[in-house]
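In: model this:
(chains A and B, ligands or ions: 2)
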Amino acid sequence: MTVAPDPNQPPKIVVRGLTKRFRRGNEEFTALDPVDLDVAQGELVCLLGPSGCGKSTLLNLLAGFDEASGGTVHIDGEAVRTPDPRRVFVFQEYGIFPWATVRENIALGLRRRSESERHEIVERYIDLVGLRGFENSYPGEISGGMKQRVAVARALAVSPEVVFMDEPFGALDSLTRLSMRQELRRIWQLERLTIVLVTHDVDEALQLADRVVVMTSRPGRIAATIPVGLEHPREPLSPAYGTLRKQLFGLLGVVDGV
Amino acid sequence: MSTPALVTAVVAAAVIIASRGLRQRAQAVVLPIFTGILLFAVWHLLAQASWYELAMPGQPVRTIERFPTPGRVLPAFAELASDGRIFRYMIASLFRVATGFGLAALVGIPLGLYAGWSTRGGYAIDPYIAALRPISPIAWIPISVLAFGIKDEAAIFIIFMGAFFPIVTGAATAVRSMPIAYSRAAHNFGLRKWELLRFVVLPAAMPQIITSLRIALGIGWLVVVAAEMTAINSGLGFLVVDARNMGMRYDLVVAGMLVIGAIGVGLDWLVRRLERLDSVRWGFSKE
Ligand SMILES: Nc1ncnc2c1ncn2[C@@H]1O[C@H](COP(=O)(O)OP(=O)(O)OP(=O)(O)O)[C@@H](O)[C@H]1O
Ligand SMILES: [Mg+2]
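Out: Ligands and ions are numbered 1, 2, ... in the order given. Predicted coordinates for the structure are as follows:
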C-alpha cells in the first residue's frame, strides 16, 4: 500500500528556497543551495545522498534545530522556527539518555500528562516496539537495535504528526537493520505518520520510501525526486526494482552499485 | 644490612615468579599482602640501619633510635588510642574536611553547571576560576588565619579553597562536553528550562561531577593535614607536628601518618561507591 499524495490536500511540509551557509574561518561554505521540497501528509520520504551533501543539515532545519540562512519551512502552513513535540527527531546515536531506564526514556515527552495516562502510553509503546521485559534496563545494558527501538518508541509516544529520522539504522548490523525497516513500515502504517528519513543506503531507501529525494554535494542540493511505485513487500530481484536501483546509483554518480 | 637485604630480594623474586602459577583471584590476594610485607621489611631494615650506639664516659652504652621501626610504631597506636586522642583528632579533621568539602560542592556544582551551560555565565566566571585555581590552597593559610584566627573556620576555608576549583571546573567541563543531541532531544520533547536542567543537564554531567568530587575530596584531605600543621592546634596534622615538637616522638609521628593514609583510602572508597549508582554507571563503563 502506497499513499499517493492527495492532490486536494495541501502538502504537510513545504520547503521553499531553503539555504544554509556555514562560516569556516573566513570562508563561507554553502552546505545547502536553494532547496524546494513538498512532503504530503502520511508520506514516507527518504533523503538519499553521499556523505557531506547536506542531508543532516536539511533535516535539522526541518526540525527547527538550526536557523536557515535563507528560505522557509512550513509545516501545516505554520513556519518552523523551533523544535516542537508535534514533529520529533530520532537521532542516530546519543539520542536516548543513558542515565534513564527504557521506561523513563520513553516517558520523556509525557511529563505533562496525568500519571495514569503516561503509564498507559508508555506501556503501549513498550509493547509496540517489542521491548517488554527490558522496561527497567538502562541503555548500556541493551543492544544497539533495542536502543534504536527505544528512540522510536520515545518519539511515537508523544503522538507526533511528523517524524524526522537521521540515519536511524546506520549503526546497526545488516540483519537488525532489515527487521527494523520492516517494523518501521508496520508502525508507520499503524500510526499514519509523515516520515522524512535520511539514509545513504540505496536499498534502505528503496525498501521504505514512497519517494526518494536524491541529493548531491558541493553545493548540497536536490538532484532528483524519484517516486517508488512498487507494492510491498518489495522484491529486490524484480526487474522494476532493479531499474530503480540502477537509476538511483546513476544519480549518485556510481556506475554500477553492488 | 647486606645479608637481610639480599635475603629479602631473593624471596621477593621467588614470590613474584611463583605467583605466575596462581589463578588471578589468588594473585589478587597474595601479591598485595606480599608487597606489604616487603615494604615493612624494607622500612624495618632502613630504620634499623639508622640506629647507633652512644657511649658517654661514665655511662652504659645506649642505643639511639633515630627512625622508628614498624615494631616501635605499633605501641604508639595503642598509646594514642588509650587516651582517646587519636579519635578526637580524627573527628576534628574529618569534621573540617566534611564541612569544607560540603560547602565547596554546594557552591561549586551549581556555579559550574551555570558557567558550563550559559555562554554569558562562562564569559563572566571562567577567567577568575582559571586564575585562582593554580594557587595552592596552602598559600591561603596566612589570609585564612588573619580572617578567622587559629580556629576551625580557618581550616575549613582552606579546605574549601582546595576542593572548590576542581568541582567548578569539573561541572563546567561536564556540561560543555554534553552531546548536543541530549539538549536537542530535550527541546524537541518540550522540556522547560528547569526540567532541562534537572532531567538532562545534571544527569548528563553527573559522572564527571562525581569524578571531580573524588579529586576534590582527595585534595581536601591533603590540605586539612597541612592546615592543621600550621593554622590550628588539633587534628591529625597537628598530632604529627606536635609529636615531633614535644619530645621528638617519631613513633607517634609515623602512627599519625598511617592513620591519615588509611582515612584517605576510606574516603576515596566512599566516593567511588557513588560511581556504581544506576543513574551514573554509564559514565564509568569502558565501552
Ligand atoms: N556546524 C557546521 N559548521 C561548519 N560546517 C558544517 C556544519 N555542519 C555541517 N557542516 C558541513 O556541511 C556539509 C553538510 O553536512 P551534513 O552533516 O548535512 O552532511 P550529511 O549529508 O548529513 O553527511 P553524512 O552522511 O556524513 O551524515 C558538510 O560539508 C559539513 O562539513
Ligand atoms: Mg548526516
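In: count the neighbours of whichever residue of the stretch 101-250 of chain B sits closest to ligand 1 for me.
Out: Closest residue of the stretch 101-250 of chain B to ligand 1, Cβ to the nearest ligand atom: B:Ile180 (9.8 Å). Every residue, glycine included, has its C-beta placed from N, CA and C. A count of neighbours around B:Ile180, defined by other Cβ atoms under 10 Å in any protein chain shown, yields 10.
In: repeat for A:Gly49
Out: 25.
In: what do you get for B:Ile129?
Out: Neighbours of B:Ile129 (other Cβ under 10 Å): 18.
In: contact partners for it?
Out: By Cβ atoms under 8 Å, 6 or more residues apart in numbering or on different chains, the contact set of B:Ile129 is B:Ala115, B:Phe165, B:Val168, B:Thr169, B:Ala172.
In: give the buried residues for the helix or strand harbouring it.
Out: Per DSSP states H and E, B:Ile129 falls inside helix B:119-132. Residues B:Gly121, B:Gly122, B:Ile125, B:Ile129 are the ones in helix B:119-132 that count as buried (16 or more other Cβ atoms under 10 Å in any protein chain shown).
In: residues of the stretch 151-287 of chain B that sit close to chain A?
Out: B:179, B:181-182, B:184-191, B:195, B:199-200, B:203-204, B:206, B:278-283, B:285, B:287 (Cβ under 8 Å from any Cβ of the partner chain).
In: and the contacts of B:Ile129, which two are furthest apart?
Out: B:Ala115 and B:Phe165 (11.9 Å; Cβ to Cβ).
In: quick one: the strands in chain A?
Out: With DSSP state E, the ranges of strands along chain A come out as A:13-24, A:27-39, A:44-48, A:70-75, A:78-79, A:87-90, A:162-166, A:194-199, A:211-216, A:221-227.
In: so which bits of the second one are buried?
Out: Meaning strand A:27-39. Using 16+ other Cβ under 10 Å as the test for burial, strand A:27-39 gives A:Thr30, A:Ala31, A:Leu32, A:Asp33, A:Val35, A:Leu37, A:Asp38, A:Val39.
In: return the member of these nearest to A:Arg132.
Out: Nearest to A:Arg132 among the buried residues of strand A:27-39, counting by Cβ to Cβ, is A:Val39 at 33.0 Å.
In: that closest one - nearest residue in space that isn't next to it in sequence?
Out: Of all residues not flanking A:Val39 in the chain, A:Ile13 sits nearest, at 4.0 Å (Cβ to Cβ, 6 or more residues apart in numbering or on different chains).
In: hey, what's the one you found bridged with?
Out: As for beta bridges, A:Ile13 partners with A:Val39, A:Ile75 under DSSP bridges.
In: what residues are up against it?
Out: By Cβ under 8 Å, 6+ apart, the contact list for A:Ile13 reads A:Leu37, A:Asp38, A:Val39, A:Leu62, A:Val73, A:His74, A:Ile75, A:Val162, A:Thr194, A:Val196.
In: look up how far B:Ala124 lies from it.
Out: Distance, A:Ile13 to B:Ala124, using Cβ to Cβ, to the nearest Å: 41 Å.
In: list the contacts of the helix or strand of chain A with the lowest mean pLDDT.
Out: Lowest by mean pLDDT, DSSP states H and E among the helices and strands of chain A is helix A:174-191, with a mean of 83. For helix A:174-191, the surrounding residues in contact (Cβ under 8 Å, 6+ apart) are A:1, A:44, A:128-130, A:143-145, A:148-149, A:152, A:156, A:168-169, A:172, A:193, A:195, A:204, A:207-208, A:232.
In: what about the residues you listed, which are in helices?
Out: Within the contacts of helix A:174-191, membership in helices is found for A:Leu128, A:Gly144, A:Gly145, A:Gln148, A:Arg149, A:Val152, A:Leu156, A:Glu204, A:Gln207, A:Leu208, as judged by DSSP state H.
In: related to what we said a few turns ago, put the alpha carbons of the helix holding B:Ile129 into CSV.
Out: Provided in CSV are the C-alpha atoms of helix B:119-132 (Å, rounded to 0.1, in the frame of the first residue of the first chain):
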residue,chain,number,x,y,z
THR,B,119,27.7,31.2,27.5
ARG,B,120,27.4,34.5,29.3
GLY,B,121,28.0,32.8,32.6
GLY,B,122,31.1,31.2,31.2
TYR,B,123,32.4,34.6,30.0
ALA,B,124,31.9,36.2,33.4
ILE,B,125,33.3,33.4,35.6
ASP,B,126,35.8,31.4,33.6
PRO,B,127,38.8,33.8,33.7
TYR,B,128,38.7,34.1,37.5
ILE,B,129,38.4,30.4,38.1
ALA,B,130,41.3,29.9,35.8
ALA,B,131,43.4,32.5,37.6
LEU,B,132,42.6,31.3,41.2
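In: the nearest residue to B:Leu31 once chain neighbours are set aside: how many residues sit nearby?
Out: Among residues not flanking B:Leu31 along the chain, B:Ser19 sits closest, at 5.9 Å (Cβ to Cβ, 6+ apart). Neighbours of B:Ser19 under the rule other Cβ under 10 Å: 13.
In: what pLDDT does B:Ser19 get?
Out: At B:Ser19, the model reports a pLDDT of 79.
In: now do B:Tyr250
Out: The model reports B:Tyr250 with a pLDDT of 93.
In: how about the residue nearest to it when sequence neighbours are not counted, phi and psi?
Out: Take B:Tyr250 and drop its neighbours on the chain: the residue closest to it by Cβ to Cβ, 6+ apart is B:Pro68, 5.1 Å away. B:Pro68 adopts backbone torsions of phi -80, psi 140, taken as degrees, to the nearest 10.
In: I'd say B:Pro68 and B:Val254 touch.
Out: Yes. The pair B:Pro68 / B:Val254 is scored as a contact, 5.7 Å apart, by Cβ atoms under 8 Å.
In: most centrally placed residue in chain B?
Out: Nearest residue to the geometric centre of chain B (Cα atoms, centre = their mean): B:Gly218, 3.2 Å.
In: helices or strands up against whichever strand or helix holds that one?
Out: Element membership for B:Gly218, per DSSP H and E: helix B:202-230. When contacts are defined as 3 or more Cβ pairs under 8 Å, 6 or more residues apart in numbering or on different chains; DSSP states H and E, helix B:202-230 packs onto helix B:85-117, helix B:141-148, helix B:152-176, helix B:236-245, helix B:250-274.
In: what about B:Ala49, how many residues nearby?
Out: Close neighbours of B:Ala49, defined as other Cβ under 10 Å, add up to 12.
In: need the pLDDT of it.
Out: 91.
In: also A:Gly95?
Out: We have a pLDDT of 85 for A:Gly95.
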